[in-house]
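K.L.:
Pasting the sequence and the predicted coordinates here, then a few questions.
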Number of protein chains: 2
Amino acid sequence: MGVTIKDVARLAGVSPSTVSRVLAGSPRISPKTQEKVRQALKELNYHPHAGARSLVTGSSKTIGLITSRPIVQAFASTFFSEVIQGIGSVLEAEGYNLLLSTALDEDAGREACLEMLRSRHADGAILTMSRLDDPLINALVAEKRHFVLIGRPADREGRLIPDVPYVNNDNVSAAAAVVAHLVSLGHRRIGFITGLRERVYCYDRLQGYRKGLEEAGISYDPALVVEGNITQADAGLALERLMSLSDPPTAVMAGDDVLALGALDAALRMGLRIPGDLALSGFNDTPLWRWIRPRLTTVRIPMYDLGVMAARMLIGLLKGRPSCPPYVILPSQLIVRESTTGS
Amino acid sequence: MGVTIKDVARLAGVSPSTVSRVLAGSPRISPKTQEKVRQALKELNYHPHAGARSLVTGSSKTIGLITSRPIVQAFASTFFSEVIQGIGSVLEAEGYNLLLSTALDEDAGREACLEMLRSRHADGAILTMSRLDDPLINALVAEKRHFVLIGRPADREGRLIPDVPYVNNDNVSAAAAVVAHLVSLGHRRIGFITGLRERVYCYDRLQGYRKGLEEAGISYDPALVVEGNITQADAGLALERLMSLSDPPTAVMAGDDVLALGALDAALRMGLRIPGDLALSGFNDTPLWRWIRPRLTTVRIPMYDLGVMAARMLIGLLKGRPSCPPYVILPSQLIVRESTTGS
DNA sequence: AAATATTGAGCAAACGATTGCACAGAATCG
DNA sequence: CGATTCTGTGCAATCGTTTGCTCAATATTT
């Protein structure tokens, strides 16, 4: 069925070794021979057998792409999509293919991921959206695998786990910047609707929220923070809860655009005017939502670039480049729109 | 580095063949031996080398997932995400892994896809969102690959290409149902904003639109159809064009929720009331948008199930099941909401 | 008890590619 | 011109598994 290197060798009148060397671009092959071999390659439409190759070289030219939470959520926003593109653009140029982890639930999923990486002999992995004290990170470290995290490796207390390469955006300072923006508009009671803090990015944005308050000299009020699932329904309930406080917020920042949308819906239902009665901000600048009115003040995350950097970093690791930096933090950008300023 | 079948054999005091047979569940191994081998497997934490396996068996237990248009768009909506989950849920249970095609542009992308399938010796492929006369389909057929299309295989004139297994939703009748719904509300001038008809699903929805008109005894007016890219900006322009006709539509159906959102934005900007001045409908029931006001009348596509069925069908093909149906059409569902009925 | 059937396990040959080593023939040197 | 260095190519081992065939040992049958 498949045409092998021997077939090519026979047609070109050389040995398999020579064909292999031509393929590898070895300099010790004469131009004449090279030409003959290339002819034969084209003529037979030869394609190397990745399995056989990986058997002898030990490298499968394959990278695992892993999401530690169910893919459902991972793909729901455009985050994953953009990140994948960034990763793909780098990996393709380097001849790597992406192996997707499609596990359903978190525990079985972890084993399935590891199994995939092991049996497919993946050269490395890229992880996204990890949790505090993420078991998968621990497992990967224990197996001494090459991998790069998109996000921030954090232990149970949110402290940075050393020696894990990662690419992240500056969630803390970005969240603080949102607070500063709201403060500059005169707000002092600022609510925060966020996903569960076991997700590192949620944790960090919460830290940024607190940092922003502190820098503005506003004391932190736990009653103003509502933590829940990243769904619009939950965000709506969260907003209702915040607005029913005896001293309700005049501004609410959401830890994600999805949450902001749910909150927006609830606010409008409650008859609140945005931003007249309540200023509202999101996070992530989900592209498709730029058309929602009022337009959402939010933070733009360089998702594509996160993917690119992660892939580059991983390639660096695989090639054993010593100059490879242990981590990269990409800046994000506050995008001010109507939902806070009204114009 | 890696622990091989020989290591296991040595520890268990048997030959590699025996270990292999235990792994394969061969019945001709005594319980005692099986137990010994299993012990050794656990103890050494053995994992088979997929490459070596594929070398001798010819199967790589790998499925390529291919999007013929740039992944960008493919991932932008939740379509791809849900489909992937469906696919994954089936493939994982069958021991297959997903290889993702990450090509950037359409032409180089096609070659990269094929190259991936060939050199990785993928057992099969699942294709999404094909075009009329899609070159990739032709290539896959020419290479006699096992694959299933999510969508409908169509030639240049939109005719069904025979002998290509596919899973599709009933775009034609769904679009017709939307028209029927609008007609039942009293509309006679119904506009249609759609993506380029070179995408089969756009083409089919256009056919459904025409069919719906015909069934209602309304003659087709090309001026009421605007075809463009699937972006909100284009949809906005399309709506403006439709509304500036001397005899503008009283209802507009969009071929996609993204388009509906762009049209909605434009309509509101033009001071139109929805559905008072203009009824508006979408397509796909993008989950995150159920919270947008006014809520969008749309069509729900069973995306997850499309993935499941495609994967099942592919597995069937790979196993050479003769009972495997050549195609499946899943029903979609009209979801009536405020944007057409007002309540 | 001898002949035959069954069971359980090993031998060894693939599968397709890479690569260290050997070795011709040509080129270069003294 | 003989000795030495290059160049270009082939040989053969190797990577980790699977699997057809062989064959001992055991079980079953006459």
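P.N.:
That came in fine, so what should we check first? Residues are numbered from 1 along each chain as shown, chains lettered A, B, ... in the order given.

K.L.:
From now on I want contacts and neighbour counts done on CA atoms only, so please keep to that.
P.N.:
OK.

K.L.:
ok, A:Arg269 to DNA strand D distance?
P.N.:
Distance, A:Arg269 to DNA strand D, using C-alpha to the nearest atom of the strand, to the nearest Å: 60 Å.

K.L.:
Now for A:Leu242: which residues touch it?
P.N.:
Going by C-alpha atoms under 8 Å, 6 or more residues apart in numbering or on different chains, A:Leu242 touches A:Gly191, A:Ala223, A:Leu224, A:Val226, A:Pro248, A:Pro249.

K.L.:
helix or strand for it, which one?
P.N.:
helix A:232-243 (DSSP states H and E).

K.L.:
burial count for the spatially closest residue to A:Ala266 that is not a sequence neighbour?
P.N.:
Computed as C-alpha to C-alpha, 6 or more residues apart in numbering or on different chains, the closest residue to A:Ala266 that is not its neighbour in sequence is A:Gly236, at 4.9 Å. Neighbours of A:Gly236 under the rule other C-alpha atoms under 10 Å in any protein chain shown: 22.

K.L.:
what's the spacing between A:Gly236 and chain B?
P.N.:
Distance of A:Gly236 to chain B, computed by C-alpha to the nearest C-alpha, to the nearest Å: 10 Å.

K.L.:
circling back to that earlier point, now tabulate the contacts of A:Leu242 in a markdown table and tack on neighbour count, pLDDT and secondary structure.
P.N.:
Output for the contacts of A:Leu242, formatted as a markdown table (neighbours: other C-alpha atoms under 10 Å in any protein chain shown; pLDDT from 0 to 100; DSSP: H, G, I helix; E, B strand; the rest coil):
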| residue | neighbour count | pLDDT | secondary structure |
| --- | --- | --- | --- |
| A:Gly191 | 27 | 98 | strand |
| A:Ala223 | 13 | 97 | helix |
| A:Leu224 | 22 | 98 | helix |
| A:Val226 | 20 | 97 | strand |
| A:Pro248 | 19 | 97 | coil |
| A:Pro249 | 21 | 98 | coil |
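
K.L.:
end-to-end on stretch A:293-301?
P.N.:
21 Å (C-alpha to C-alpha, to the nearest Å).

K.L.:
how far does it sit from the chain's center?
P.N.:
Its chain's average C-alpha position is 20 Å from that of stretch A:293-301, according to C-alpha atoms, centre = their mean, to the nearest Å.

K.L.:
So for it, mean pLDDT?
P.N.:
For stretch A:293-301, mean pLDDT rounds to 93.

K.L.:
for that stretch, which positions count as buried?
P.N.:
By neighbour count on 16 or more other C-alpha atoms under 10 Å in any protein chain shown, the buried set for stretch A:293-301 is A:Pro294, A:Arg295, A:Leu296, A:Thr297, A:Thr298, A:Val299, A:Arg300, A:Ile301.

K.L.:
hang on, A:Asn171 packs against A:Tyr209?
P.N.:
No: A:Asn171 lies out of contact with A:Tyr209 (C-alpha atoms under 8 Å); the separation is 9.7 Å.

K.L.:
Tell me the helix or strand right after the helix or strand containing A:Ala260.
P.N.:
Assigned by DSSP H and E, A:Ala260 falls within helix A:257-269. Sequence order places strand A:279-281 as the next helix or strand after helix A:257-269, per DSSP H and E.

K.L.:
For chain A, just list every one of the strands.
P.N.:
A:62-67, A:97-100, A:124-128, A:147-150, A:166-169, A:190-195, A:225-228, A:251-254, A:279-281, A:298-300, A:327-330, A:333-335 (DSSP state E).

K.L.:
so which of the ones you listed is the most packed in?
P.N.:
strand A:279-281 (a mean of 30; mean count of other C-alpha atoms under 10 Å in any protein chain shown).

K.L.:
in terms of contact count, name the helices or strands touching that one.
P.N.:
Strand A:279-281 sits against strand A:251-254, helix A:257-269, helix A:338-341, with contacts defined as 3 or more C-alpha pairs under 8 Å, 6 or more residues apart in numbering or on different chains; DSSP states H and E.

K.L.:
on that earlier part again, among the strands of chain A, which is nearest B:Val328?
P.N.:
strand A:97-100 (25.8 Å; C-alpha to C-alpha).

K.L.:
how about the residues of chain A near DNA strand C?
P.N.:
A:1-6, A:16-21, A:23-24, A:47-50, A:52-53, A:55-57 (C-alpha under 7 Å from any atom of the strand).

K.L.:
List the ones among these that fall in helices.
P.N.:
Members of the residues of chain A next to DNA strand C lying in helices (criterion: DSSP state H): A:5-6, A:16-21, A:23-24, A:50, A:52-53, A:55-57.

K.L.:
What's the mean pLDDT across stretch A:192-203?
P.N.:
Here the average pLDDT along stretch A:192-203 is 93.

K.L.:
Start and end of that stretch, how far apart?
P.N.:
12 Å.

K.L.:
Give me the contact list for that stretch.
P.N.:
Outside stretch A:192-203, the residues that reach it (C-alpha under 8 Å, 6+ apart) are A:129-132, A:151-154, A:158, A:171, A:206, A:209, A:224-230, A:235, A:238-239, A:252-256, A:259.

K.L.:
Tell me which of the strands of chain A sits nearest to DNA strand D.
P.N.:
strand A:62-67 (16.5 Å; C-alpha to the nearest atom of the strand).
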